[in-house]
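A.B. asks: Need coordinates for the below:
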Amino acid sequence: MQTPFALGRRRLLQGSLLAGSSLLTACATASREQALSLPPIRARTDRIYDMAVCLRPFRAAGPRLDSERLGDTLVVHNYGHGGSGWSLSWGSSAIAVAKAMQGSPQEIAVIGCGALGLTSAILAQRAGAKVTIYAREQIPDTRSFRASGAWTPDSRIALTSVAGPAFAAQWEQMARTSFKTHRQYLGLPGMPVEWTDYYSVRADEPPPAVTAPTTPELDFASYSRSIADLTHGARKLAPETAPFRARAVYQTEIMVFNIADYGHTLLSDFFTAGGQFRHADFRSPAEIAALGKRAVINCTGYGARALWKDDSVVPVRGQIARLIPQSEVHYGLDYKHVYVVPRRDGIIVQDVSGGDMKGYGDASETVDRAESDRAVTTLAELFGTRVATSGRTT
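C.D. replies: As a prediction, this is how the structure comes out:
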């Protein structure tokens with residue numbers, strides 16, 4: 001049975017997590033341990049120092065990884081990863097770079113400087129090509145920089161009914177390649193990638209009111225069973241050992257991307273290897289063909305919807321709030337549909353109520369202060385923190 005870690009962000013919030021003999025064994029082990037003590041998160045709205053909205057580029061068929069010709073230019077596409085851009089970046093980019101290098105070009109242009117653009121550029125350099133990135137902005141100003149920063153390789157990655165069985169094997173290839181490559185960044189200065197404990201806290205809540213859904217539920221794909229050997233099993237903590245008083249508490253480990261450090265590390269690696277960056281704001285594929293490059297990798301994410309007139313790209317709005325970092329907090333959690341990732345550049349707090357359909361089809365990038373305040377206020381309940389309302393606007 002899938003663990004909370006394998007299920008990813010959205011399925012962490014759904015239903016029972018473990019059952020059977022493995023759960024009984026875990027409980028027996030936990031009962032012999034001492035009670036866990038965790039430093040509390042200072043969950044106050046006046047400690048929110050940043051809020052951001054990311055439009056995740058969802059495609060029902062999964063990421064676009066095909067190629068096409070624009071005159072003498074081979075364009076390989078690498079976009080449409082939903083909520084799994086950072087998680088699948090190395091595996092997806094490995095596929096794209098292999099296609100771009102088939103004609104042995106000496107130079108490759110990469111369009112976009114987010115997670116997919118940087119990993120594509122670095123892998124193309126390692127393959128022997130001279131690489132130039134063309135983009136409106138570098139990593140700190142991209143949508144990739146506004147992600148939550150946790151390993152969620154099948155978060156809104158495709159629809160089962162549309163992607164088909166062949167995509168499952170490709171997804172597994174991308175996930176395994178990415179997981180292996182992410183490990184190379186563990187333990188580096190700045191901690192670009194690290195493991196941390198994660199707690200799923202189940203509170204006693206009244207059942208939700210039954211209302212007719214405004215948007216039909218979609219069959220978002222779940223492939224994590226195929227990489228269960230990569231994940232860490234979850235365990236239900238005995239009440240006397242759990243760090244939170246709740247109906248049930250589950251503990252596992254997750255991989256976290258400290259995006260500020262990770263992005264800086266990748267950009268530095270790219271420039272150190274001789275990479276070049278050119279500011280560009282392409283409005284049509286013809287302008288990309290005019291670069292005169294033999295091979296181009298298109299990593300424009302949600303921007304591909306307008307640039308390539310690709311209506312298969314659907315925006316999925318997600319908003320995060322960053323609380324002032326706490327050096328002593330090295331654990332994440334979910335509680336009453338609030339998701340927390342303990343990044344070094346700020347504790348990420350996100351409202352994930354509504355499940356996979358939350359933000360689906362919403363292209364607004366305007367920050368909703370009330371949404372973040374509600375999430376932090378809910379989190380404060382868990383720690384018994386008195387909430388201070390800042391009244392700030394963004």
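A.B. asks: rest of the way, CA atoms for contacts and neighbours
C.D. replies: Fine.
A.B. asks: Name the next helix or strand following the helix or strand of the chain with the lowest mean pLDDT along the chain.
C.D. replies: Here the helix or strand of the chain ranked lowest by mean pLDDT, DSSP states H and E is helix 21-31, holding a mean of 41. Once the chain leaves helix 21-31, the next helix or strand it forms, by DSSP states H and E, is strand 48-59.
A.B. asks: Pull out the buried residues from that following strand.
C.D. replies: Buried residues in strand 48-59, counting neighbours by 16 or more other Cα atoms under 10 Å, are found at Ile48, Met51, Ala52, Val53, Cys54, Leu55, Arg56, Pro57, Phe58, Arg59.
A.B. asks: give me the beta-bridge partners of the first one?
C.D. replies: Pointing back at Ile48 there. Leu323 (DSSP bridges).
A.B. asks: which ones are touching it?
C.D. replies: Ala321, Arg322, Leu323, Ile324 (Cα atoms under 8 Å, 6 or more residues apart in numbering).
A.B. asks: what's the answer for the last one, then?
C.D. replies: Listed by Cα under 8 Å, 6+ apart, the contact partners of Arg59 are Gly80, His81, Gly82, Ile157, Ala158, Ser312, Val313, Val314.
A.B. asks: ditto for Ile41
C.D. replies: Gln326, Val329, Phe383.
A.B. asks: re earlier: among the buried residues of strand 48-59, which one sits closest to Phe145?
C.D. replies: Cys54 (8.3 Å; Cα to Cα).
A.B. asks: remind me which residues of the stretch 101-250 of the chain are low pLDDT?
C.D. replies: 206-215 (pLDDT under 70).
A.B. asks: need the helices for it, in chain order.
C.D. replies: Secondary structure of the stretch 101-250 of the chain (DSSP state H, counting those that start in this stretch): helices at 115-126, 160-163, 165-182.
A.B. asks: what's the closest of these to Ser284?
C.D. replies: Using Cα to Cα, the nearest of the helices of the stretch 101-250 of the chain to Ser284 is helix 115-126, at 18.2 Å.
A.B. asks: Now do the closest one: which elements does it pack against?
C.D. replies: helix 85-100, strand 107-111, strand 130-135, helix 259-272 (3 or more Cα pairs under 8 Å, 6 or more residues apart in numbering; DSSP states H and E).
A.B. asks: what does the shortest one contact?
C.D. replies: Going back to what we said before, that points to strand 107-111. By Cα under 8 Å, 6+ apart, strand 107-111 touches 100, 117, 120-121, 124, 129-135, 293-300.
A.B. asks: now do the last one
C.D. replies: When contacts are defined by Cα under 8 Å, 6+ apart, helix 259-272 is touched by residues 115, 118-119, 121-122, 139-140, 145, 149, 190-193, 343, 345.
A.B. asks: rerun that using 10 Å as the cut-off
C.D. replies: Here helix 259-272 makes contact (Cα atoms under 10 Å, 6 or more residues apart in numbering) with 86, 113-115, 118-119, 121-123, 125, 131-133, 138-140, 144-150, 185, 188-193, 257, 275-277, 343-346.
A.B. asks: Can you tell me which of those residues end up in strands?
C.D. replies: Using DSSP state E, the subset of the contacts of helix 259-272 located in strands is Val131, Thr132, Ile133, Val193, Phe257, Gln276, Phe277, Arg343, Gly346.
A.B. asks: Show me which of those is closest to Gln170.
C.D. replies: Checking those against Gln170 by Cα to Cα gives Phe257 as the nearest, at 22.9 Å.
A.B. asks: How about the contacts made by that closest one?
C.D. replies: 86-87, 147-151, 182, 185-186, 191-195, 263, 341-344.
A.B. asks: State the distance from it to Thr45.
C.D. replies: Phe257 is 24 Å from Thr45, where distance means Cα to Cα, to the nearest Å.
A.B. asks: Ok, Leu123 next?
C.D. replies: Distance, Leu123 to Thr45, using Cα to Cα: 41 Å.
A.B. asks: And those two? Which one has more around it.
C.D. replies: Neighbours per residue (other Cα atoms under 10 Å) separate Leu123 from Thr45, with Thr45 holding more: 24 against 19.
A.B. asks: And the pLDDT at the more buried one?
C.D. replies: Per-residue pLDDT puts Thr45 at 98.
A.B. asks: Over to Leu36?
C.D. replies: pLDDT, Leu36: 83.
A.B. asks: now Ala19
C.D. replies: 33.
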